[in-house]
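>>> my questions are about this predicted structure, shown below with the sequence.
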2 protein chains.
Amino acid sequence: METFEVPEVVVLRLPLYVRALTQLLADEMEVVSSQQLGNRLQMTPAQIRKDLSYFGRFGKQGRGYNVHFLLAELRQILGLDREWCACLIGVGRLGRAIINYPGFTPQAFNVVAAFDNDPDQVGQAFGRLTVQPMSELPETIAARDIRIGIVAVPASHAQTVIDALVQNNVQGILNYAPIAPQVPMGIVMRNIDPVLSLQSMTFYLQQMD
Amino acid sequence: METFEVPEVVVLRLPLYVRALTQLLADEMEVVSSQQLGNRLQMTPAQIRKDLSYFGRFGKQGRGYNVHFLLAELRQILGLDREWCACLIGVGRLGRAIINYPGFTPQAFNVVAAFDNDPDQVGQAFGRLTVQPMSELPETIAARDIRIGIVAVPASHAQTVIDALVQNNVQGILNYAPIAPQVPMGIVMRNIDPVLSLQSMTFYLQQMD
DNA sequence: AAATGTGAAATCATTCACAGCA
DNA sequence: TGCTGTGAATGATTTCACATTT
């Protein structure tokens, strides 16, 4: 019943539970059933119970789950009870939007450094950060215990940047460039690509005609 | 062998093939095997062949797939051989980054209108667009044949905006707000949420300690 | 000789259904 | 009574393996 082999799909859903529970907590709801949670998230109660059962027994029969308790447990399971330092590569329009995105910090993620190869950008200040040249990547990653890299460079440069991050022991990469990155086993990749989302959407839209 | 019931996971992968083939075409490669494509995309050749087989027979035994031909077929299957008009709701930092994002237009998506409820924003010009008040949503959607809505408003307003889009016959929604949207059946939702991606990443990162 | 297309097999994920507990 | 936790059943997806074609 412990972390032996949790399916990845399950891990991908845990943050959804964290978010829903956070809202419920803000609404001062004390207890929630898998049924209620399922309504909010548009999923079946059975799936929620099964997912949670991979990690332990968090509920009370006949009653449901204590919101505060379950949230704390899930945050701990996901490692959200500590702060994760990330660096950003690429301070173009997208990169600057990421620096200023207010959603990371309250969620255990802290972008502590920004890099760019463009000499015009280096030295510029955005938010709390001053843009550093790529040559400072190794020392900064080591010094600030950076485990996550956020890639916001053009597609043509993305694989090179990803290679550099991997070389410097970054373990997780959030990639915004529209490429299919090649990384060694053990590196955790997440891709953000709105165009892919739209392109699969239209398959269904055209059937409505 | 025709569009009878194609699994959604398959549809979600087609855009990956489109992108890889587009690159191969740019590299002037004429023929590609499922093996080679699989290497690029880090997936098995069998999966690629099976996916494609839901839509027809595009390859030549002993040889592989003609890049140009397969790309054209896939683009047609996904409805990317036409232009799709979208509107943006919310022209804060994120919304402005979306307006200026150069990746949509070359891929059959055209953001033709931008809305915001903030009176200070209405009338402002961003790129080719002038921000309109939400009250103009219905007429603009109808007049410009907008089928897709892109939601870039704060979480607190997102469900209201989504409801308005649905009310006005938008069929697909690309949602950047960190919520679990409620939409009627038949509406195609895609969510972009980097925080969720990071929160599932850390589950694996903490195991490396 | 090489690679597709595809039934069949294997694996993986979801849902069911109910014993057990508050 | 109401809801959890979970094996068992079902359903979906991936992979295998090979006949077939160029």
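Cool, got the structure.

>>> please count neighbours and contacts with C-alpha atoms only from this point.
OK.

>>> in the longest helix along chain A, what counts as buried?
Scanning chain A for the longest helix, with DSSP state H as the assignment, gives helix A:8-26. With burial defined by 16 or more other C-alpha atoms under 10 Å in any protein chain shown, the residues of helix A:8-26 counted as buried are A:10-12, A:14-22, A:24-25.

>>> list just the nearest of the residues you listed to DNA strand C.
The nearest member of these to DNA strand C, counting by C-alpha to the nearest atom of the strand, is residue A:10 at 6.1 Å.

>>> mind listing what the closest one touches?
Applying C-alpha atoms under 8 Å, 6 or more residues apart in numbering or on different chains to residue A:10 gives the contacts residue A:51.

>>> just the pLDDT for it.
With respect to pLDDT, residue A:10 has a value of 98.

>>> ok, it to residue B:125 distance?
According to C-alpha to C-alpha, to the nearest Å, residue A:10 and residue B:125 sit 44 Å apart.

>>> if we can go back for a sec, which of the buried residues of helix A:8-26 sit farthest apart?
Farthest-apart pair in the buried residues of helix A:8-26 is A:10 and A:25; separation 22.3 Å (C-alpha to C-alpha).

>>> residue A:121 should be in a strand, yeah?
No - using DSSP: H, G, I helix; E, B strand; the rest coil, the assignment for residue A:121 is coil, not a strand.

>>> give me the nearest residue to it, chain neighbours excluded.
residue A:131 (6.5 Å; C-alpha to C-alpha, 6 or more residues apart in numbering or on different chains).

>>> how about the residues of chain A by DNA strand C?
When proximity is defined by C-alpha under 7 Å from any atom of the strand, chain A lies next to DNA strand C at A:7, A:8, A:9, A:10, A:43, A:44, A:46, A:47, A:50, A:60, A:61, A:62.

>>> let's go with 6 Å and repeat that
With C-alpha under 6 Å from any atom of the strand as the criterion, chain A comes near DNA strand C at residues A:7, A:8, A:9, A:44, A:46, A:47, A:50, A:60, A:61, A:62.

>>> would you check which pair of those lies furthest apart?
Pairwise over these, using C-alpha to C-alpha, the maximum falls at A:8 and A:62, 29.5 Å.

>>> average pLDDT across stretch A:25-38?
98.

>>> could you check whether it is close to DNA strand D?
Yes - applying C-alpha under 6 Å from any atom of the strand, one finds stretch A:25-38 touching DNA strand D at A:33, A:34, A:35.

>>> coming back round to it: for the very next helix or strand once past the longest helix of chain A, name the packing helices and strands.
Next helix or strand after helix A:8-26 toward the C-terminus (DSSP states H and E): strand A:31-32. For strand A:31-32, the packing partners by 3 or more C-alpha pairs under 8 Å, 6 or more residues apart in numbering or on different chains; DSSP states H and E come out as strand A:64-66.
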